[in-house]
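> structure of the sequence below:
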Amino acid sequence: MIAGGGVKPKYLDPKASVDERACDLLSRMTLEEKVRQMSMLMSRDVLKDGRFSAALAERVITREGIGCLFEPWLDPASSARAVSEIQKHLIHKSRLGIPAIIMSECLHGHLAPEATVFPAALGLASTWDPELAGKIATVAALEASAVGVRQALSPNLDLGREPRWGRIEETYGEDPYLCSCFAVAYIKGLQGAGPGIDNSHVVATPKHFVAHGSPAGGLNMAPVAVGMRELKTLYSPPFNAAVTEAGALSIMPAYHEIDGVPCSKSKLLLTNILREEWGFKGYVFSDFQAIEMLAVFQRTAGNFQEAGRQALEAGMDMEAPETKGFGKNLLELVKKDQVAIETIDRAVLRILRVKFLAGLFENPYPDPKRAATLTNCQKHRRLARKAACESIVLLKNKDGLLPLRRNLRSIAVIGPNADAIQ
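Numbering: from 1, shown residues only. A predicted model of the protein is given here:
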């Protein structure tokens with residue numbers, strides 16, 4: 001990792017402050033290493049037959065390292081082993097030994113094989129119990145962190161105000177106040193008491209900033225017609241609460257455009273409002289393929305390189321899930337003096353700061369036995385059952401159907417999902 005037996009660099013000193021460690025590490029990095037921290041891979045890129053492949057890792061990670069990877073998505077013990085091998089490779093084979101952030105989804109539990117499944121967000125909101133949501137988020141974070149996940153692309157803070165939109169179940173409903181209450185509870189459950197993230201919690205990434213749930217015609221990613229007053233008083237409060245009350249350490253911008261400007265390249269949203277007005281100190285993580293969409297979907301950019309520049313200068317820090325706009329394109333732009341190195345440094349420093357807050361340098365390796373024991377244990381299943389029962393909404397008690405009589409011996413459950421658990 002670090003050649004020779006000299007004085008340990010400050011970034012490896014756990015007693016130094018997070019800011020000191022991040023600045024020290026940044027000062028040691030090449031431009032190539034910096035842009036790699038702004039990039040992502042899928043864990044499957046370094047797996048063969050469900051196991052870590054050193055040969056694949058040598059080819060796709062390289063000595064410059066990588067910023068983050070999506071989790072392996074195997075059974076708990078296998079995922080933990082794979083993450084440990086990935087981190088071991090990064091720590092011992094990359095020049096500076098920087099671990100990757102491993103990320104996943106945790107909208108209603110850790111989205112992975114064998115993990116505990118909780119009610120979808122819309123059902124959870126129907127409990128009117130933010131405290132329960134916080135407990136669920138704590139369990140989701142515990143199961144995710146046990147396999148090595150350090151960041152959750154959750155919660156979804158879109159308002160469900162367009163019933164034709166196909167992602168309503170991801171939301172906490174239509175009310176900004178209720179959504180804000182659940183946002184704060186869920187994020188605190190994911191991240192813990194702070195200010196750092198311990199080994200049983202994960203970095204939260206509220207999404208999709210902002211107004212994603214009201215697209216034209218109900219079509220996902222379609223433009224949203226919203227004025228500034230409505231944007232700030234209706235759609236922004238849950239995200240404001242996520243940042244100012246819950247201390248979210250990451251934010252994901254939405255795909256769509258507002259008044260012709262895609263959220264992924266909106267300096268108004270990603271810098272003026274998020275950072276300057278609200279004081280956000282984390283890093284901005286792109287939705288999957290959102291940066292390349294600036295070139296192929298919204299067409300605000302003529303090519304991927306221009307798309308990368310637009311997103312970066314607006315306030316985007318990391319590209320997902322693969323490098324199209326950042327990476328080599330940013331290297332070329334810096335070398336041509338078309339992007340300032342200070343803009344790159346700003347993004348990388350934000351990412352490194354979150355890595356130190358997440359304790360990655362001190363606790364990079366998950367324990368497979370712990371992962372297998374914790375995942376979907378009886379305690380977690382009991383909480384899921386409690387949440388499911390409390391999320392049930394009776395729309396109409398026709399002819400006094402409920403409560404059911406106690407001597408009833410069987411109930412027919414009919415329909416296409418009667419025997420399917422999703």
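> please make it C-alpha for all contacts and neighbour counts, starting now.
Noted.
> which residues touch the residue nearest the centre of the chain?
Centroid-nearest residue in the chain: residue 153, 2.3 Å away (criterion: C-alpha atoms, centre = their mean). Neighbouring residues of residue 153 by C-alpha atoms under 8 Å, 6 or more residues apart in numbering: 103-107, 204-207, 252.
> highest neighbour count among the residues you listed?
residue 204 (31 neighbours; other C-alpha atoms under 10 Å).
> before we move on, the earlier item: between the contacts of residue 153, which sits nearest residue 219?
residue 207 (17.4 Å; C-alpha to C-alpha).
> now do the contacts for the closest one.
153-158, 251-254.
> about what we covered before: let's see which of the contacts of residue 153 end up in strands.
103-104, 204, 207, 252 (DSSP state E).
> closest to residue 65 among these?
residue 103 (16.2 Å).
> what's the pLDDT at that closest one?
Looking at residue 103, its pLDDT reads 97.
> does it touch residue 147 like I think?
No. Residue 103 is beyond contact range of residue 147, at 10.4 Å (criterion: C-alpha atoms under 8 Å).
> just to revisit the earlier point, which of the ones in strands among the contacts of residue 153 sit farthest apart?
103 and 207 (14.3 Å).
> so residue 197 makes contact with residue 191?
Yes. In this structure, residue 197 is within contact of residue 191 by C-alpha under 8 Å, at 5.9 Å.
> shared neighbours of those two, anything?
Contacts common to residue 197 and residue 191, judged by C-alpha under 8 Å, 6+ apart, are residue 203.
> so between the two, which is more surrounded?
Per other C-alpha under 10 Å, whichever of residue 197 and residue 191 has more neighbours is residue 191, with 28 against 23.
> what's the neighbour count on residue 75?
With other C-alpha under 10 Å as criterion, residue 75 counts 18.
> that one - nearest residue in space that isn't next to it in sequence?
Distance criterion C-alpha to C-alpha, 6 or more residues apart in numbering; nearest residue to residue 75, sequence neighbours excluded, is residue 113 at 5.6 Å.
> can you check residue 192 too?
Residue 192 sits nearest to residue 201 (C-alpha to C-alpha, 6+ apart), 6.0 Å away.
> again with residue 320
residue 288 (5.0 Å).
> how about that neighbour, what does it touch?
319-321.
> quick one: which of those residues has the most company?
residue 319 (30 neighbours).
> still on that earlier bit, pLDDT score for the residue nearest to residue 192?
98.
> ok, it touching residue 145?
Yes. Look at residue 201 against residue 145 with C-alpha under 8 Å: they come within range, at 6.1 Å.
> can you confirm residue 69 is in a helix?
No. Residue 69 sits outside any helix when classified using DSSP: H, G, I helix; E, B strand; the rest coil, being strand.
> what's near enough to touch residue 290?
255, 264, 320.
> try it again at 10 Å.
253-256, 262-265, 296-298, 307, 311, 319-321, 325 (C-alpha atoms under 10 Å, 6 or more residues apart in numbering).
> would you show me how to pick out the buried ones of those residues in ChimeraX?
Selection of the buried residues among the contacts of residue 290 in ChimeraX, burial being defined by 16 or more other C-alpha atoms under 10 Å:
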select :253,254,255,256,262,263,264,265,298,307,311,319,320,321,325
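> circling back to that earlier point, identify the contacts common to residue 103 and residue 147.
Counting by C-alpha under 10 Å, 6+ apart, the residues touching both residue 103 and residue 147 are 71-72.
> tell me the strands in this structure, going along the chain?
Using DSSP E, strands in the chain cover 40-42, 47-48, 51-52, 68-70, 101-104, 151-152, 203-204, 207-209, 250-253, 257-258, 261-262, 283-284.
> quick one: closest of those strands to residue 187.
strand 203-204 (5.9 Å).
> which helices and strands does the closest one pack with?
Applying 3 or more C-alpha pairs under 10 Å, 6 or more residues apart in numbering; DSSP states H and E, we find strand 203-204 packed against strand 101-104, helix 130-146, strand 151-152, helix 176-191, strand 250-253, helix 341-357.
> contacts made by that strand with the rest, please.
Applying C-alpha under 10 Å, 6+ apart, the set of residues contacting strand 203-204 is 101, 103, 105-106, 137, 141, 145, 149-155, 186-192, 196-197, 242, 246-252, 282, 354-355, 357-358.
> again, only this time at 7 Å
150-154, 187, 190-191, 248-250 (C-alpha atoms under 7 Å, 6 or more residues apart in numbering).
> can you pick the most crowded of the residues you listed?
Result: residue 190 is most packed of the contacts of strand 203-204 (other C-alpha under 10 Å), 33 neighbours.
> got the contact list for that residue?
Per C-alpha under 7 Å, 6+ apart, neighbours of residue 190: 137-138, 141, 201-204.
> make CSV out of those and add distance to residue 123.
Shown next, in CSV, are the contacts of residue 190 (distance: C-alpha to C-alpha, whole Å):
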residue, distance to residue 123
137, 14
138, 18
141, 19
201, 23
202, 23
203, 24
204, 20
